[in-house]
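Novice: this is a predicted model, with the sequence first.
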Amino acid sequence: MPQRRSHIAPSAVESELAAALAALREDLDTPTEFSPEAMAESEAATAPEPDLDLRDVPFVTLDPLGAKDLDQAMHLARSGSGFEVRYAIADVPAFITPGGAVDAAARERGQTLYAADGSIPLHPRVLSEDRASLLPEQDRPALVWTFELDEAGVVSEFRLERALIRSRAQLDYESAQQALDRGDESPLALLPVIGGLRQELEAQRGGASLNLPDSEVVQRDDGTYDIDRRHPLPLEDWNAQLSLMTGMAAASLMVEAKVGVLRTMPEPDEKAFRAFRLQTVALGRPWKDGEYGEYLRSLDRDDPLTQPVLEAAASLFRGAGYVTFDGSVPADIEQAAIAAPYAHATAPLRRLVDRWALAICLAVSRGEEVPAWVRESLEELPALMQASGQRASRLSADTVNRVEAALLAPLVGSTIEATVIEVRENRATIQIADPAVTASAPLPAGAKPGDTVSVRLVRSDIGKGEVEFAGADAPVTGR
């Protein structure tokens, strides 16, 4: 799907936005620097001897252009009538001393935060972007999952081992997609095949994993700001299936061992489905029949309205959390969007919980006792991840609100059409088509879901990320 870009011209608006985005970073309730102790510990950390030497396997990484915190590397091959997938994960547990300074700093942060003006890493960059990162042409310790798949993409067996690997190339999404589209020889030639088979299996399970469009605020060379919105490339969706497959394998190991941490999510309720249906109608792409997963998979990537529909679908994927267990497995452990038990276990450089999941899975795979530090701290994880998730969500939402206010600022005084999506007592959710913005507002007199209302933009406060509309009968205030 083509990239959608809204450009904010150089002006007082752009300057105000720059200041507002910088303030967001300063207001975060998380440290942005690491202690001298954490930095020294990172420099001195050494990984244990690996079980295997897999440096002869031509792994490659696949990430956004310019990324340095490379969590995963892959090698795909045919195996009889099926396939062999090797999925290497950065061996972060090997570098971090439980109870040490880096461990404490990571628990305080929970995850890497991505601000408009740069990231705030989970670990010191000497680890996350250098020594533990699966950079090309560097010997690196990794936790390698090996999957044997049949001709339908079903996992017949898998194993997890600590190994030494050497990635041959750092591929980026756009260039790799272009190479596949041209039919060039590529180490990812089997990714469309394997990823496609895994997508079919997900549909059969009733899953609907949502790879949301990217919304990124970027600063151009001339000092102006853009908001780039694009739908993930097909290659990104196929790659995501490898991560999902790994997360399901990790979950199965932990469930079998009756100790672990899973990512769970309940099924959306009817209220959420009704609201989403109304949003699809307002956006001109109504969901009429079938399961919501089937509807989402049917959307045309080249349709410019697919992106706002998928963004609206995020409302169906609420209530996700983490559940820990030791000794007995909880009754409700499924991740509804995936339609299977699932664990976060593929991004340990950027997400705290993955280190625990990987440490448990490695111990179970080796037939060893789960490390004491894991069991002692397991119950703390949900709260730590919830706090970090709230920070990340707040940063993302506040960034989007301020950028949207800046995009709307030139329209102050203009009349804009919006559709009423949901009515809740004296409040309404309205959908603006261009730019695609959803806002909470006081209910216009007599308005009901599906109605189109004309509103006049009377205020846009970039610093607060707020906009105010006035209608014929009553003011309508968004965000």
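Specialist: Looks like it arrived, so ask away. Residues are numbered from 1 along each chain as shown.

Novice: got the domain ranges for the protein?
Specialist: 4-266+319-406, 412-478 (automatic domain parsing).

Novice: what are the buried residues along stretch 32-42?
Specialist: Across stretch 32-42, burial judged by 16 or more other CB atoms under 10 Å covers Phe34, Ala38, Met39, Glu41, Ser42. The C-beta positions use only the backbone N, C-alpha and C, and glycine is treated the same way.

Novice: that older thread, okay if I get the domains of the chain as JSON lines plus distance to Val309 and mean pLDDT?
Specialist: Formatted as JSON lines, those follow (distance: least, CB to CB, whole Å; pLDDT from 0 to 100):
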{"stretch": "domain 4-266+319-406", "distance to Val309": "10", "mean pLDDT": "91"}
{"stretch": "domain 412-478", "distance to Val309": "9", "mean pLDDT": "76"}
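
Novice: for the ones you listed, give me TSV that also has distance to Leu305.
Specialist: Shown next, in TSV, are these (distance: least, CB to CB, whole Å):
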stretch	distance to Leu305
domain 4-266+319-406	10
domain 412-478	8
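
Novice: relative to Ala282, which of those is closest?
Specialist: domain 412-478 (3.6 Å; CB to CB).

Novice: how far off centre is that closest one?
Specialist: 29 Å (CA atoms, centre = their mean, to the nearest Å).

Novice: returning to what we had before: of the buried residues of stretch 32-42, which is the nearest to Ala406?
Specialist: Phe34 (32.6 Å).

Novice: in the stretch 351-479 of the chain, which spans are helices?
Specialist: 353-366, 372-377, 381-408 (DSSP state H, counting those that start in this stretch).

Novice: now those in CSV, with mean neighbour count?
Specialist: What follows is the helices of the stretch 351-479 of the chain, written out as CSV (neighbours: other CB atoms under 10 Å):
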stretch, mean neighbour count
helix 353-366, 23
helix 372-377, 15
helix 381-408, 19
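
Novice: so for Glu26, which of these sits nearest?
Specialist: Across the helices of the stretch 351-479 of the chain, closest to Glu26 is helix 381-408 (CB to CB), at 11.6 Å.

Novice: now render the helices of the stretch 351-479 of the chain as JSON lines, adding distance to Ala104.
Specialist: Formatted as JSON lines, the helices of the stretch 351-479 of the chain follow (distance: least, CB to CB, whole Å):
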{"stretch": "helix 353-366", "distance to Ala104": "13"}
{"stretch": "helix 372-377", "distance to Ala104": "11"}
{"stretch": "helix 381-408", "distance to Ala104": "12"}
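
Novice: ok, back up a step: of all the buried residues of stretch 32-42, which two lie farthest apart?
Specialist: Most distant of the buried residues of stretch 32-42, by CB to CB, are Phe34 and Glu41, 9.4 Å apart.

Novice: find the residues that touch each one of these two.
Specialist: Common contacts of Phe34 and Glu41, defined by CB atoms under 8 Å, 6 or more residues apart in numbering, comprise Val102.

Novice: how close does Ala208 sit to Arg297?
Specialist: 7 Å (CB to CB, to the nearest Å).

Novice: please say which of the two ends up with more neighbours.
Specialist: Under the criterion of other CB atoms under 10 Å, the comparison of Ala208 against Arg297 puts Ala208 first, with 22 against 14.

Novice: isn't there a strand covering the more buried one?
Specialist: No - using DSSP: H, G, I helix; E, B strand; the rest coil, the assignment for Ala208 is coil, not a strand.

Novice: who's in contact with it?
Specialist: Taking CB under 8 Å, 6+ apart as the test, what Ala208 contacts is Glu202, Glu291, Tyr292, Gly293, Glu294, Leu296, Arg297, Ala337, Ala339.
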